[in-house]
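K.L.:
Sequence plus predicted model, see below.
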Amino acid sequence: MASCFTVAINKNTKEVICNSNVCSKTIDNVEIHLIGIIYNCEGKNSTLDDVYDLYVKYDTNMYDHLDGACAVIVIDYKRQRIFVFTDYFNSIIPLFYAESDDEIILTTDLFLLTGKMERLSISLAAAEQFMLHGMVFGKQTLISEVSKLPAKHFLEVDIERCRIHCRRCRYTFKTETDVTIAEYGTVFRKCMEECYEKDAGMTLSGGFDTNYILHYLLQIKQERGDSESIRTYCGGGSTGKDESPLAKEISDYYGNIDLQTFKVNQDSIQYYPEIVLALQGSCFEDGIFMHYQLAKIFHEDGIKYVYTGDMADQVLNLETYQYTMSTYKRIAKLYYLGIKNAILHKTYDYYRWMFRGRYEIGALKNLKKGGLLWDYFGTKGIYPYVRKSFLNVAKSTSASGDYDKRFHRKAVLETLNPVIAQKIKRNGGNTDPIALFDEQTKKALKSEIAKMPWFKARNFVDENQQLGYELRILFIDLVRRIFVNHELKKSNIGEYPLLGDMYPALKTKID
């Protein structure tokens, strides 16, 4: 059910074989494949003809005109070229590639790719990055023999010469001065109108970002005569943080909201193998256990589209737009600079001069974390905050070092109903693993990872960072067992073997 695209090029015959379950069309000997949602200049969902027209008009600068969360693959038989373009945030679906003596393969399916390869191994250098950051920078992956399309690049493949090139993207933004709250709201509302899907669900929290979406969504539904309740979803930990009581207060106040709440407990760790499979071994973030349960609920409820406030934190921080060629190299080298632990603590500001791009990292992890899990279960995310017109106004209203999103918070509080504005001033939260897992489970996890070849003992000031570090070590071992050793076959979604079947010491009691 997950979006899947694969193309193989035979180096000897130059034959191109393509398999895809995504939207595809051939126009004038050019194949167009689209993953995700892209909007055209009129703010409507782009057709494949629209995407083809973008390619004809802008050629390899097409990436700068992709509006939405999407990836576009162009196979141009006339020019004997294959191009892969993604939106500004590197899309949701990662694209992997590898080559042998006989062929080049590009695919969104890491399991399929590694199943065709021999002599695979975990990269210890990449594992070091992943353990510290929850992702691997540049074109590296956790598997030494597999590469990926890096952020802020597009891929070009010369079919005739069988050569792959990663080209740097040079994005442009319109910067406006003195943006008012009214203008800010007008832009966001327009984005919401263009994103409108009648039967879409929505993730709801007690925070600013989703409530800004909800405010305009309710207005738009009323104006369009849509009397159906909005199906909203909110989860929390059975222990620790839980925003669902506040979400219920908000939904009760509006009255036209069908809220479904759920709890995540420590048994969530048993689904870790399937989570790693769905995430294509690409990233770890503490919220993955809740997002996995949420994705399953969407699947059970038949939700095909879902509005989400994901990415607002990154979009509304100026650092996101300050990408430089050396950002990832600089971050990757932090370990060797002797401040490896600082990046996982609350000392970002002290090292900010050499750590620009932390919101860039957050963007790559947060978008892929939820988006990949939802796509795995057959749901498409709708991301109003990553629309191109809003990126322009967000950059215009963001200030360096303004991690609290002051302008945005003020705009939300002045726009929403005062009763709701008062409610969302409360602190929200997410499902921290440290609150989910009991001491017995944590002890078993610590004992299990100590046996792994890339294990390195590190002590962090914050216990939650220590647990996250340990979970990332286990993530890498699951990548080894699933994608490198292929110990498990793909199963139907939701039916993958549990963690306790792979690591008996990690069997836990269901709450």
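P.N.:
Cool, the structure landed.

K.L.:
quick one, phi/psi of V7?
P.N.:
phi -130, psi 130 (degrees, to the nearest 10).

K.L.:
Please renumber the chain so that the first residue is 51 from this point on.
P.N.:
New numbering, starting at 51: the last item is V57.

K.L.:
For it, give me its contacts.
P.N.:
V66, I67, C68, N69, I123, I125, I132, I155, L156, T157 (Cβ atoms under 8 Å, 6 or more residues apart in numbering). Heads up, the C-betas are built off the backbone N, CA and C, glycines and all.

K.L.:
Tell me the buried residues within those residues.
P.N.:
The neighbour-count test (16 or more other Cβ atoms under 10 Å) marks V66, C68, I123, I125, I132, I155, L156, T157 as buried among the contacts of V57.

K.L.:
okay, the contacts of V57 in CSV with secondary structure and pLDDT next?
P.N.:
Converted to CSV, the contacts of V57 look like this (DSSP: H, G, I helix; E, B strand; the rest coil; pLDDT from 0 to 100):
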residue, secondary structure, pLDDT
V66, strand, 97
I67, strand, 96
C68, strand, 95
N69, strand, 94
I123, strand, 97
I125, strand, 98
I132, strand, 98
I155, strand, 97
L156, strand, 97
T157, strand, 97
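
K.L.:
Can you classify the nearest residue to S439 once chain neighbours are set aside by secondary structure?
P.N.:
Distance criterion Cβ to Cβ, 6 or more residues apart in numbering; nearest residue to S439, sequence neighbours excluded, is V237 at 5.7 Å. On the three-state scheme (DSSP: H, G, I helix; E, B strand; the rest coil), V237 is labelled helix.

K.L.:
From G275, how far out is S497?
P.N.:
60 Å (Cβ to Cβ, to the nearest Å).

K.L.:
Please identify which of those two sits among more neighbours.
P.N.:
S497 (11 against 6; other Cβ atoms under 10 Å).

K.L.:
hang on, the more buried one packs against L556?
P.N.:
No. Taking Cβ atoms under 8 Å as the definition, S497 is not a contact partner of L556, at 9.4 Å.

K.L.:
Return the residues in contact with T158.
P.N.:
Here T158 is in contact with S53, C54, F55, T56, I85, A121, I143, P144, L145, F146, Q330 (Cβ under 8 Å, 6+ apart).

K.L.:
hmm, try it at 6 Å
P.N.:
By Cβ atoms under 6 Å, 6 or more residues apart in numbering, T158 lies in contact with C54, F55, I143, L145.

K.L.:
That one and D100, how far apart?
P.N.:
22 Å.

K.L.:
got the residue ranges for the strands in the stretch 151-300 of the chain?
P.N.:
153-157, 197-198, 203-208, 213-218, 251-253, 280-287 (DSSP state E, counting those that start in this stretch).

K.L.:
who does the third one pair up with?
P.N.:
Read that as strand 203-208. strand 131-136 (antiparallel), strand 213-218 (antiparallel) (DSSP bridges).

K.L.:
so which of the ones you listed gets nearest G518?
P.N.:
strand 131-136 (26.9 Å; Cβ to Cβ).

K.L.:
which residues touch that closest one?
P.N.:
Against strand 131-136 from outside (Cβ under 6 Å, 6+ apart): 112-113, 121-125, 145, 199, 204-207.

K.L.:
one more time with 7 Å
P.N.:
57, 110, 112-113, 116, 121-125, 145, 156, 199, 204-209 (Cβ atoms under 7 Å, 6 or more residues apart in numbering).

K.L.:
from those, which would you call buried?
P.N.:
Of those, these count as buried by 16+ other Cβ under 10 Å: 57, 112-113, 116, 121-125, 145, 156, 199, 204-207, 209.

K.L.:
Show me the residue at the heart of the chain, geometrically.
P.N.:
Centroid-nearest residue in the chain: K418, 1.6 Å away (criterion: Cα atoms, centre = their mean).

K.L.:
Run through the residues that contact the residue nearest to that one when sequence neighbours are not counted.
P.N.:
The shortest distance from K418 to any non-neighbouring residue, by Cβ to Cβ, 6+ apart, is to C333 (5.2 Å). C333 makes contact with G184, M185, K415, K418, K419 under the criterion Cβ under 7 Å, 6+ apart.

K.L.:
Including distance to R456 and pLDDT, could the residues you listed go into JSON lines?
P.N.:
Listed next are the contacts of C333 as JSON lines, based on distance: Cβ to Cβ, whole Å; pLDDT from 0 to 100:
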{"residue": "G184", "distance to R456": "27", "pLDDT": "87"}
{"residue": "M185", "distance to R456": "28", "pLDDT": "86"}
{"residue": "K415", "distance to R456": "24", "pLDDT": "75"}
{"residue": "K418", "distance to R456": "28", "pLDDT": "78"}
{"residue": "K419", "distance to R456": "26", "pLDDT": "84"}
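
K.L.:
if we can go back for a sec, my read: the residue nearest to the centre of the chain touches I142, true?
P.N.:
Yes. Look at K418 against I142 with Cβ atoms under 7 Å: they come within range, at 5.9 Å.

K.L.:
Residues in contact with stretch 83-99: which ones?
P.N.:
Contacts for stretch 83-99 (Cβ under 7 Å, 6+ apart): 53, 55, 70, 72-75, 77, 82, 100-101, 116-123, 141-143, 244, 430, 432.

K.L.:
Buried residues in it, which are they?
P.N.:
Of all the residues in stretch 83-99, those buried under the rule 16+ other Cβ under 10 Å are H83, L84, I85, G86, I87, I88, Y89, N90, S96, L98.

K.L.:
Work out for me the element the first one sits within.
P.N.:
In this assignment (DSSP states H and E), H83 forms part of strand 80-88.

K.L.:
Adjacent strands (with direction) for that strand?
P.N.:
strand 73-77 (antiparallel), strand 118-126 (antiparallel).

K.L.:
neighbouring contacts of the shortest one?
P.N.:
By Cβ under 7 Å, 6+ apart, the surrounding residues in contact with strand 73-77 are E81, I82, H83, L84, L98, D99, Y102.
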